[in-house]
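Q: got a sequence here, can you build the structure:
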Amino acid sequence: QVQAFGGGLGQPGGSLRLSCAASGLDFDDHAFGWFRQAPGKEREAVSCISSRGDTSYYADFVKGRFIISRDDAKNTLYLQMDSLKPEDTAVYYCVARWGLALMDPEWYNYWGQGTQVTVSS
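A: Predicted coordinates for the structure are as follows:
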């Protein structure tokens, strides 16, 4: 299973870091990703990272602001979010799948409960 935490209230232009703890799976063999869903909107991909950590993908709306990373020794995934915008407000989900990193949520079979991120002054 995977569980995201670290959300909360962020200021516009500020930063937050999300973490995702994974258990019960071979962390090294899995690609991970972050998806988000705002009220009344479709779920959308934010970022994903390969099992080896050498390839990552970002949605255009977070490029240059968010960084995904992983620490295999700690079985933990991270999402550093900088230059936050009010439109980043959403529930953020950590996901995992064996194999390639993909920006399509249909391919991920591990989903955490999500953590709320609210960006507001």
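Q: CA only for contacts and neighbour counts going forward, please
A: Fine.
Q: hey, what's Val117 bridged with?
A: When assigned by DSSP bridges, Val117 has beta-bridge partners Gly8, Ala90.
Q: okay, now the closest residue to Phe27 other than its chain neighbours: neighbour count?
A: Distances taken as C-alpha to C-alpha, 6 or more residues apart in numbering put Asn75 closest to Phe27, at 5.9 Å, once the chain neighbours are dropped. Per other C-alpha atoms under 10 Å, the neighbour tally for Asn75 reads 16.
Q: next one, pLDDT for Asn75 please.
A: At Asn75, the pLDDT value in this model is 95.
Q: also the one 4 residues further on?
A: Looking at Leu79, its pLDDT stands at 98.
Q: repeat for Trp34
A: Here the pLDDT value assigned to Trp34 is 97.
Q: from memory the residue nearest to Phe27 sits against Ala21, does it?
A: Yes. Counting by C-alpha atoms under 8 Å, Ala21 is a contact partner of Asn75 at 6.2 Å.
Q: now do the strands in this structure.
A: In the chain, the strands defined using DSSP state E lie at 2-5, 8-10, 16-22, 30-37, 44-49, 56-58, 66-71, 76-81, 90-98, 110-111, 115-119.
Q: so what strands line up beside the shortest one?
A: When sheet partners are counted by DSSP bridges, strand 110-111 sits next to strand 90-98 (antiparallel).
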